[in-house]
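> this is the structure alone, sequence omitted:
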């Protein structure tokens, strides 16, 4: 079988580009795969330059040419208005192959906004194409209703995200980590962009009493949207030894940060959030998790079982969660062990890839 794969690949590394690479690697073991790489140079959303417009036109030309030879198409779709217009043009370029196309939504919150009833023209255009597309893949049950009135319900498939195998640790390692909680290690590992909650993390730490601050260390890792934003952040933590920025990490360093962390923190309200892979990576690494009820997170997270659910945009809610974590390390350990078990059962890459391959193969 010959497949056309349309989606962003690293670099830069995002949850979506990582997921695309993992599935592309699996497909390449079995099939002949043509690739159209939609990756951008940075973390911005939309089509914001003449250069980007040229890239998009090239994508559409490639989609038209390569789709003619494809038996099936896998396409990861956008959540911005301009990105959706690009997707519509790609649907048009692949029109004859839409019944053999699987589209995969790696976000959720942004697409819900895009498809709200007031966007009548966009809803109508997407309904026309989604009525012909063979399969729609979402990350969790909370995202199924995004496509209500847009795509036939029987063509919507739920496939949760994953954690890669090297991140999984054994129970003994987790227990040993929680025997040493001085200091309690908190980890924010995500791209440091607006809405991810990293600014609120700093504000929450600064609002702790001096005794609690001494018992906590927060490690930040990830990329910024701009050098200006990076400088602002570094200035905000300057002189605070308990707050550390490690840059963009991968490989061994990423594994070390996850394995040293007791509590992974992602208090996100990011407008294009889906189901953060970083949360599942934290599960595999034996961390409890602090996060929010946003987009599809509660499909994979329950307050009290997996960690602490905090309010969006609320340094005070984060502060309270940190204080609770410091006071109950034994409860944190129980949640971390539970998270490791859940990740092993539900969020292995083999399981993720097998589900996607099954969906795609049904389109032949």
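In hand now; what should we look at? Quick caveat: nothing in here was measured; it's all calculated off a predicted structure.

> so who does the spatially most central residue of the chain touch?
Relative to the mean C-alpha position of the chain, the nearest C-alpha, by C-alpha atoms, centre = their mean, is the one of residue 276, at 3.3 Å. Applying C-beta atoms under 8 Å, 6 or more residues apart in numbering, one finds that residue 276 lies in contact with 15, 161, 190, 266, 268, 291, 297. All C-beta spots, glycine's among them, are computed from the backbone N, C-alpha and C.

> now neighbour count and secondary structure too, for these, in CSV please.
CSV is the format used below for the contacts of residue 276 (neighbours: other C-beta atoms under 10 Å; DSSP: H, G, I helix; E, B strand; the rest coil):
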residue, neighbour count, secondary structure
15, 22, helix
161, 26, coil
190, 24, coil
266, 26, strand
268, 24, coil
291, 26, strand
297, 25, helix
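
> hmm, which of those is lowest in pLDDT?
Within those, pLDDT reaches its minimum at residue 15, with 92.

> okay, the residue nearest to that one when sequence neighbours are not counted and residue 40: tell me how far apart.
Spatially, and ignoring its direct neighbours in sequence, residue 15 is nearest to residue 277 (4.3 Å; C-beta to C-beta, 6 or more residues apart in numbering). Using C-beta to C-beta, to the nearest Å, residue 277 is found at 18 Å from residue 40.

> neighbour count winner among those two?
residue 277 (22 against 17; other C-beta atoms under 10 Å).

> now do that one, the pLDDT please.
pLDDT, read off for residue 277, is 97.

> same list, the contacts of residue 276, but as a markdown table with distance to residue 24 please.
Shown next, in a markdown table, are the contacts of residue 276 (distance: C-beta to C-beta, whole Å):
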| residue | distance to residue 24 |
| --- | --- |
| 15 | 15 |
| 161 | 15 |
| 190 | 22 |
| 266 | 25 |
| 268 | 26 |
| 291 | 28 |
| 297 | 25 |
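
> tell me which of those residues is nearest to residue 83?
residue 15 (16.0 Å; C-beta to C-beta).

> what's the distance between that closest one and residue 268?
Taking C-beta to C-beta, one finds residue 15 at 11 Å from residue 268.

> same question, residue 190
8 Å.

> could you do residue 68 as well?
From residue 68 across to residue 268, the span is 40 Å (C-beta to C-beta).

> just residue 55 next, same as before
For residue 55 relative to residue 268 (C-beta to C-beta), the value is 28 Å.

> and what of residue 125?
29 Å.

> what ranges do the helices span in this structure?
Here the chain has its helices, by DSSP state H, at 15-30, 50-67, 81-93, 109-114, 120-130, 171-178, 198-206, 210-214, 227-237, 251-260, 277-284, 315-327, 329-346, 349-361.

> so who does residue 90 touch?
Counting by C-beta under 8 Å, 6+ apart, residue 90 makes contact with 6, 59-60, 63, 75.

> next, residue 108: phi, psi?
Here is the backbone geometry of residue 108 (degrees, to the nearest 10): phi 170, psi -60.

> give me the residues contacting the lowest-mean-pLDDT helix or strand in the chain.
The least trusted helix or strand in the chain, going by mean pLDDT, DSSP states H and E, turns out to be helix 50-67, with a mean of 91. Under the contact criterion C-beta under 8 Å, 6+ apart, helix 50-67 has outside partners 4, 6, 34, 36, 38, 40, 47, 73, 86, 89-90, 93-94, 96-97.

> can you count the residues close to residue 238?
The burial count for residue 238: 8, using other C-beta under 10 Å.

> for residue 10, see how far away it is.
31 Å.

> same question, residue 243
From residue 243 over to residue 10 (counting by C-beta to C-beta), the distance is 27 Å.

> so for the two, which sits in the more crowded spot?
Taking neighbours as other C-beta under 10 Å, residue 243 and residue 10 compare with residue 243 leading, 22 against 14.

> right, and the more buried one touches residue 235 too?
No. Using C-beta atoms under 8 Å, residue 243 is not in contact with residue 235, being 11.8 Å away.

> quick one, what contacts the residue lying closest to residue 186 once chain neighbours are set aside?
Leaving aside its sequence neighbours, residue 186 sits nearest to residue 218 (C-beta to C-beta, 6+ apart; 4.5 Å). Each residue near residue 218 by C-beta under 8 Å, 6+ apart is listed here: 186-188, 201, 205, 242-244, 265.

> on that earlier part again, most neighbours among the contacts of residue 90, which one?
Busiest of those [other C-beta under 10 Å] is residue 6, holding 27 neighbours.

> confidence score at that one?
The score at residue 6 is 98. That number is its pLDDT.

> so where is the stretch 1-150 of the chain shaky, pLDDT-wise?
Along the stretch 1-150 of the chain, the parts satisfying pLDDT under 70 run over 41-50.

> how close does residue 22 get to residue 348?
Residue 22 is 11 Å from residue 348, by C-beta to C-beta.

> give me the common contacts of the two.
residue 162.

> my guess is the residue nearest to residue 15 contacts residue 160. True?
No. Residue 277 is beyond contact range of residue 160, at 10.1 Å (criterion: C-beta under 8 Å).
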